[in-house]
Each structure stands twice: as C-alpha cells, then as structure tokens.
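Sequence first, then the predicted structure, then my questions.
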Amino acid sequence: MSTISAPEEQKILETVPKQLYIDGEWRDGSKGTFSVEDPATGETLVDVADASEDDAKAALDAAAAAGPEWAAYPPRERGEILRRAFETIIKHEDELALLMTLEMGKPLKESKAEVAYGAEFLRWFSEQAVRIEGRYATSPNGQGRLLTMQQPVGPCLLITPWNFPLAMGTRKVGPAIAAGCTMVVKPAQLTPLSMLMLAKILEDSGLPKGVLNLVTATSSGETMGPLIADPRLRKLSFTGSTEVGKKLMAQASDNLLRLSMELGGNAPFIVFDDADIDSAVQGAVIAKMRNIGEACTAANRFHVAGSVADEFAEKLAGKLGAMKVGRGTDDGVEVGPLIDDNQRSKVSELVEDAVGRGAKALVGGHARDGAGYFYDPTVLTDVPDDARLLSEEIFGPVAPVKGFADEDEAIAAANDTEFGLVAYVFTSDLKRALRVCEKLETGMVGLNQGMVSNAAAPFGGIKQSGFGREGGPEGIEEYLETKYVAVNL
Ligand code: NAP
C-alpha cells in the first residue's frame with residue numbers, strides 16, 4: 001500500500017523540466033529524447049532531451065561567455081541565490097523526495113534525507129561565498145609586500161553519478177556558484193530528473209543565464225570528450241566509478257585541468273571486542289543499507305573480533321532479514337530496488353562467487369522474481385579471503401562478515417585494498433580508537449557511527465578513491481585559484 005497516489009506521481013513528473021538548459025533557455029536535444037525508468041517497475045517515467053556534441057559545445061559557449069561577469073558578481077548576491085534555492089528545496093522537499101524515489105528507487109524516507117542533505121550544501125556554500133579571502137604580509141627581508149587573492153577557477157565541467165541524484169550535484173554546484181565559477185553540469189542518464197529540477201530552482205532563484213548549463217545525454221563520452229579537450233574549460237569535477245575517473249583524468253591531462261575525483265570505495269567496518277555490539281549492529285545497518293547499499297561510503301566488508309563475530313553476524317542478519325523490501329513509495333518499505341538489471345546481476349554474481357568458494361548466507365542471497373530489480377538483504381559468513389566481494393565494490397545490500405584475531409590483523413585487513421574512501425570503527429577504548437583512526441588509509445572514518453556525510457565536513461578519499469574534498473571549508477577551495485602579487489614598496 002502506498003500513501004502516494006498515481007496522480008501525485010504524475011503531477012511531479014509533469015512538473016520536472018525535460019529539456020536541456022543552456023544559456024538561460026530550455027531547449028530540445030538535437031538527438032531527440034531518451035527514457036528514464038522507474039527501477040521498481042522497469043516502466044518508463046518520462047523522456048528527457050538527448051544532447052549532441054554541438055549541444056554540449058553550446059553549453060560550454062554559454063558558460064565561457066558568462067564567466068567574467070559572474071566572477072565579478074557581488075559575493076553576497078551569489079550567496080543569496082544559493083540561500084533562496086535552499087529555501088525552495090526545503091519548502092518542496094516532499095515533491096523532490098518523491099521525484100527522487102521514482103527515478104532512483106530508494107525509500108521515500110531516505111529520499112527526504114538526501115533532499116535535506118543536498119540542500120544543506122547550498123546553505124553551507126551560501127555562507128562561504130562571502131568568506132573568500134586573501135593575505136597581505138611583509139616579506140621576511142622587510143622589503144616589499146606579499147599580496148594573495150583568491151579567484152574563481154573559471155568554467156567547470158561537473159559530472160555526477162546516479163546513486164545520489166541531487167546531493168552529488170549540489171556538492172559541486174554549491175561551491176562553484178559561491179566561488180564565482182560558471183559550469184556545465186552532466187547528470188547520470190539513469191537519474192537526471194532531480195538535477196533538472198535543481199536547475200529550474202536555481203533559475204527561479206535568480207541565477208543569471210549562462211552560469212549553470214545542464215546537459216542530459218546518452219553518449220556521455222562523445223558529448224563530454226570535446227568539452228574536456230576545449231581550452232576554455234578550466235576544471236573537471238567528477239563523481240563516479242574509479243574506472244571512468246581514470247579515463248577522464250587521462251583526457252584532462254592534455255589541458256592540465258584542475259581536477260576533483262570522487263571515486264569508488266570499498267569501506268571496511270571494524271568491530272572490536274570492547275564495542276557495544278548492539279550499537280555496532282545499528283551502525284552497520286546504516287553503513288550497509290543506506291541507499292540500498294548503493295553508496296560509495298557503503299560498508300563493503302565487516303571485520304569483527306573473533307570472540308564476538310558470531311553474535312554480530314546473527315544480530316545483523318536478524319535486522320536485515322526483517323527489513324521490508326519493495327517500491328520506495330510503499331508504506332514501511334526500507335529497501336528499494338537496485339538501479340537496473342546490470343547492477344543486480346553484478347551483485348548476484350559476487351554473492352554466487354562467494355558462496356561457490358564456501359561462504360554461507362545467514363539471510364538472503366537471492367534476487368527477487370517479478371518486476372523491478374530487487375535483491376534480498378544478505379549477510380554472509382565464512383567468507384574466504386579470495387572471494388571477489390572483499391576486493392570489489394558490491395554496491396548492493398550484501399554484508400560479508402569476517403573474524404579477526406587482533407588489532408594489527410584488523411588494520412592490515414582494512415587497508416588491504418586499492419581504495420581509500422571511508423572506514424568505520426566501533427570500540428569503547430578511546431586510545432585504541434585514535435590509534436586505529438591514525439593507521440587507516442582512508443580519507444574519512446566513522447568512529448562509533450555508521451555515517452560520515454555532512455555538508456560542513458570535507459568529504460573525499462585517498463588512493464584509488466580519488467582526491468579533492470567536497471563540503472566543509474575545503475569544498476570551495478576546489479573552485480578557487482590563489483594569485484600572488486609581489487608588491488614593491
Ligand atoms: P560511472 O559509470 O562512472 O558514471 C558516472 C558519471 O560519469 C555518469 O554521469 C556517466 O554518464 C558519466 N560517464 C561515464 N562514462 C563517461 C565518459 N567516458 N565521459 C564522460 N562521462 C562519462 O559511475 P556510476 O555507475 O554512475 O556511479 C557509481 C560509482 O560512483 C561507484 O563506483 C561509486 O562508488 C561512485 N561514487 C563515488 C562517490 C564519492 O564521493 N567518492 C559518491 C557517489 C558515487 P552516464 O550516466 O551516461 O553513463
């Protein structure tokens with residue numbers, strides 16, 4: 001049963017813009033349209049514009065033309081635009097959450113949380129816009145002065161993934177607007193609707209034409225390649241897979257673009273024997289099941305002290321087994337569908353590989369029959385070291401649990417990956433907590449909590465999870481260049 005009626009769904013789908021947004025105008029794509037699907041039913045929701053190479057170039061033309069005026073725009077006014085957009089999103093959070101659930105599948109409650117989280121980046125950076133500062137210092141030899149100023153990087157290309165359809169965009173758009181950069185935004189083709197709505201909200205909030213241009217496309221490589229090669233572009237900020245990130249980084253090297261790379265993860269979740277097991281299980285449910293496991297921050301493997309591993313696995317299996325699976329608009333649903341058949345097949349393949357090598361499913365282990373791309377929440381024990389899901393990003397509701405003997409073994413296992421986005425640590429021993437946090441090779445750590453996302457904090461990874469930070473005071477620095485003036489005085 002759903003509390004959302006079909007006409008309500010229809011209304012939000014009618015309201016969302018379906019064209020390209022270039023130079024302050026909504027226009028058709030030169031390649032026609034493509035369909036956006038509801039992953040809970042496999043049915044088409046709406047068709048949106050499919051951009052050609054020329055459309056993408058027109059978007060960069062607009063961003064380049066608007067650049068100088070926008071860079072000189074009063075910072076307070078840039079901030080006020082962001083603030084107004086924040087207020088509008090919060091005012092319409094129910095409709096925006098519904099739109100997100102329709103295109104991405106996650107339960108309404110989680111979509112609402114993402115709408116609030118996504119909006120928070122606009123509020124945070126509205127406050128940062130007026131805090132872009134420089135320095136004035138006396139040269140150490142007393143002769144002359146050192147003056148520094150921070151200036152916008154210039155036209156940016158912002159490419160986002162499907163898993164957080166709004167927040168992955170606002171994390172980039174917010175600081176770019178605050179810093180005085182213009183931009184071309186390309187959302188994922190699987191979930192472009194929330195970003196189309198954001199462009200409309202920013203337009204209605206007074207964003208001048210050409211500052212933000214949005215292009216939806218089926219051929220991302222063909223449309224984005226020429227922009228990356230265009231000497232007018234100054235920065236590429238990408239959130240997505242490590243595989244695509246590496247390709248884009250190679251392309252960006254020709255023009256030595258400024259880069260931010262928010263890439264894949266393989267988060268370890270470590271539980272020591274001195275942890276409060278119930279709160280660790282609660283944290284594990286969040287770290288694993290938020291976004292149906294389709295998060296770069298999702299706990300990918302659970303390393304649990306041998307003496308409490310069975311208790312932890314059984315309690316986790318109890319929680320995951322009790323979660324209601326279904327369409328995200330239905331009452332009480334806690335686990336929506338995976339994004340598409342490819343993603344579900346990949347999850348099935350990883351579980352079959354682990355079970356084939358000797359792992360046991362305490363709960364779940366299967367895809368669901370029928371419409372949509374549902375997969376049962378799964379807990380695996382006795383997972384052998386060579387199981388692929390320990391080294392590959394699962395991106396689904398599957399929790400492999402492994403025991404460890406001591407702290408050194410736990411840290412070694414946690415760091416045994418080329419990724420380095422986030423790790424989770426549960427312990428009641430403060431010295432151990434800090435010791436372990438220092439040794440973990442990740443950009444972020446959740447200490448006794450299963451979530452790290454916060455607009456006021458620097459989000460980002462190391463190793464093959466990328467570089468650059470989004471959110472916090474660091475977030476706007478990605479969109480600023482420092483200029484130094486040597487003053488003869
Ligand atoms: P993806 O396949 O790498 O796609 C990401 C974006 O890049 C999409 O907009 C995609 O467009 C576009 N793209 C793909 N190939 C391209 C090319 N050759 N040139 C230009 N653009 C191209 O990733 P995804 O499947 O959408 O997202 C899941 C991945 O994102 C996971 O690995 C996850 O860990 C990572 N992620 C990381 C973070 C973080 O902050 N570190 C946050 C969220 C997600 P199309 O839609 O047209 O393919």
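Perfect, I can see it now. Numbering: from 1, shown residues only.

what's the residue in the stretch 1-150 of the chain positioned nearest to the ligand sitting at in phi/psi?
Residue of the stretch 1-150 of the chain nearest the ligand, by C-beta to the nearest ligand atom: Phe34 (9.6 Å). From N, CA and C alone the C-beta is placed, and that goes for glycine too. Main-chain dihedrals, Phe34, degrees, to the nearest 10: phi -140, psi 160.

Surely it touches Val48?
Yes. Counting by C-beta atoms under 8 Å, Phe34 touches Val48, with 6.5 Å between them.

contacting residues around the residue of the stretch 1-150 of the chain closest to the ligand?
Contacts of Phe34 were listed using C-beta atoms under 8 Å, 6 or more residues apart in numbering, and they are Asp47, Val48, Asp50, Gln189, Thr216, Thr218.

all strands for the stretch 201-350 of the chain, in order.
Under the criterion DSSP state E, counting those that start in this stretch, the stretch 201-350 of the chain carries strands at the ranges 212-214, 235-239, 258-262, 267-271, 299-305.

Kindly apply the preceding question to the stretch 351-489 of the chain instead.
Listed in chain order, the strands found in the stretch 351-489 of the chain under DSSP E, counting those that start in this stretch are 360-363, 378-381, 398-404, 419-420, 422-426, 444-447, 462-463, 466-467, 480-487.

Show me what the fifth one is packed against.
Right, strand 422-426. Strand 422-426 makes packing contacts with strand 267-271, helix 277-289, helix 430-439, strand 444-447 when contacts are defined by 3 or more C-beta pairs under 8 Å, 6 or more residues apart in numbering; DSSP states H and E.

ok, now the longest one?
Packing partners of strand 480-487 (3+ C-beta pairs under 8 Å, 6+ apart): strand 145-152.

again with the second one
Helices and strands touching strand 378-381, by 3+ C-beta pairs under 8 Å, 6+ apart, are helix 306-321, helix 341-356, strand 360-363, strand 398-404.

and with 6 Å instead?
Using 3 or more C-beta pairs under 6 Å, 6 or more residues apart in numbering; DSSP states H and E as the contact definition, the elements that strand 378-381 packs against are helix 306-321, strand 360-363, strand 398-404.

Next, see if the longest helix anywhere in the chain gets close to the ligand.
Ranked by number of residues, the top helix in the chain under DSSP state H is helix 108-128. No. Taking C-beta under 6 Å from any ligand atom as the criterion, helix 108-128 and the ligand are apart, separated by no less than 11.5 Å.

Next, the angle from that helix to helix 277-289.
Angular relation of helix 108-128 and helix 277-289 on a 0 to 180 degree scale: 80 degrees, by axes from the mean of the first three to the mean of the last three C-alpha atoms, to 10 degrees.

just to revisit the earlier point, compare the helices and strands packed on strand 378-381 and give me the one nearest the ligand.
In terms of C-beta to the nearest ligand atom, the element of the helices and strands packed on strand 378-381 nearest to the ligand is strand 398-404, at 14.9 Å.

follow-up on the earlier one: now do whichever helix or strand comes after the longest helix of the chain: which elements does it pack against?
Heading C-terminal from helix 108-128, the first helix or strand you meet, by DSSP states H and E, is strand 135-138. The elements that strand 135-138 packs onto, with contact taken as 3+ C-beta pairs under 6 Å, 6+ apart, are strand 145-152.

strand partners of the strand it packs on, parallel vs antiparallel please.
Each strand paired with strand 145-152, and its direction, by DSSP bridges: strand 135-138 (antiparallel), strand 480-487 (antiparallel).
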